[in-house]
Structures are given as C-alpha cells and as structure tokens.
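Trainee: Here you go, sequence then predicted model.
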Amino acid sequence: MYKISDLKENINILNDTISCPVKGCDLIVDRKRRSGNEGKNFICPKHNILITPSTFIYSTDIENFLWNEKEDKILLEKIYKVKRESRMSSENSEDTLTWNVFRYLEKSELLSALLDEISKNQHKIIDIIYWSYSLKENKSWTFLDEARAEFGEAKNKGSEPDIIIQTDKTIFIIEAKFFSSNKTSGYKETLTKRINKALRLK
Ligand SMILES: [Zn+2]
C-alpha cells in the first residue's frame, strides 16, 4: 500500500491525460472515460496501478490492506462468497477502509472498548458480521437474511451493512463513509412507503 508520504500532494488531471500519483514518477497516462477507452493506457507499470481521475486501483486487493496474514486471506475468501460486490483494490474503497480499521480492532481485541465508549455501556461481543458474513455462523447471517426477506429484497441484492456487531445487549450496525454522502432514500415518505409495501412472507 502506498502511504500519504509516498504520494504527490497534487496530480495533474488534464482533458486527456493524468499523471501517476506516486512521488518521483514522471509517467503520464491516458485519462479514463466512461467510453472510448479502447487502445488507451491507464497503467503505471513501475507502480503497478491503474490510474483514474477519482482514484487509483491496485492489481490485487491485498496490496490495499494494511497487513496480510493467512487467516485474513481465508476469511476474506469466505466473505467474498456472500458479499454483494467487491472493489477492495481501489485506493478510495470504503470496504477496504472498513476492513483495515474494524478487522484490525477485532484482531487487537479493541472492538468492545470502542463499543463501550460509543454507548457508555459494557458489551460482550457475541458475533461480528462483515458485510453479510457471520463469524459465528460461518455463513450469511441468518437474522439478516430473514430481515431482507421481510422487506421483500431480492436474494443477493439485499441491503448490506458494512459491519454488524451483535453484543449481549444490542446490535451495532456500522456504515463506513469515506468522502461519500450519508444520504439515504429510506427517509420520511419513502421510508413509510417502503415499510407499507414490504413483502410479508410469514
Ligand atoms: Zn508511477
């Protein structure tokens, strides 16, 4: 992973070209557009990244993680099987931010202290659900699957909170934001409409 100290403070984004964001690199690539990208080059071969106007993308997810251990690789492979979509190789990926922060806290046994601090209460963690994957159940979390069915969401297209932490007292639902807005369509009239229109399968 390239750190802030490895990256230029500013990059030139021109009409047709962009400079590589890594400090000391003179390479200029084509500017990626929604269409008409045939035959163009967006990759810096020296730094092995694909450069776009809004981010740069590593060739593998692992390069975007703060650490890389076998047990995490195994867990991520299981998560990818139930997770809706994955773009964890982009430098600005919210999913990667979530992983780098919350998986670190979990592994360092700091997560319950964070929850205690947020809620001003003492919590014993029962399960952690990364995207849809329950560590305890070793599969898509049953309670979430049931909630999706209750709201009539299509299978594999359901709502997917980034992290859910089930404790002995409550459920924390965490949605990571990294420059994106916190707006939701499930608000006021839309929310009422959705609740009223929800499929009742039971
Ligand atoms: Zn470069």
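Mentor: That came in fine, so what should we check first?

Trainee: Now do the strands in the chain.
Mentor: Along the chain, counting by DSSP state E, strands occupy 17-19, 28-30, 43-44, 49-51, 56-58, 125-130, 133-134, 139-140, 163-167, 171-174.

Trainee: Show me which residues of the chain sit near the ion.
Mentor: Neighbours of the ion within the chain, by CB under 5 Å from the ion: Cys20, Val22, Cys25, Leu27, Cys44, Lys46, His47. Placement of C-beta: from N, CA and C, glycine included.

Trainee: Please pick the buried ones from those residues.
Mentor: Buried members of the residues of the chain next to the ion, counted by 16 or more other CB atoms under 10 Å: Cys20, Val22, Cys25, Cys44, His47.

Trainee: As JSON lines, those residues with pLDDT would be great.
Mentor: What follows is these, written out as JSON lines (pLDDT from 0 to 100):
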{"residue": "Cys20", "pLDDT": "97"}
{"residue": "Val22", "pLDDT": "97"}
{"residue": "Cys25", "pLDDT": "97"}
{"residue": "Cys44", "pLDDT": "97"}
{"residue": "His47", "pLDDT": "97"}
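
Trainee: re the thing from before, how about the strands of the chain in TSV, adding distance to Glu9?
Mentor: TSV is the format used below for the strands of the chain (distance: least, CB to CB, whole Å):
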stretch	distance to Glu9
strand 17-19	12
strand 28-30	17
strand 43-44	18
strand 49-51	16
strand 56-58	15
strand 125-130	33
strand 133-134	38
strand 139-140	42
strand 163-167	32
strand 171-174	31
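
Trainee: and those strands, which is most packed in?
Mentor: Highest mean neighbour count of the strands of the chain: strand 49-51, a mean of 23 (counted as mean count of other CB atoms under 10 Å).
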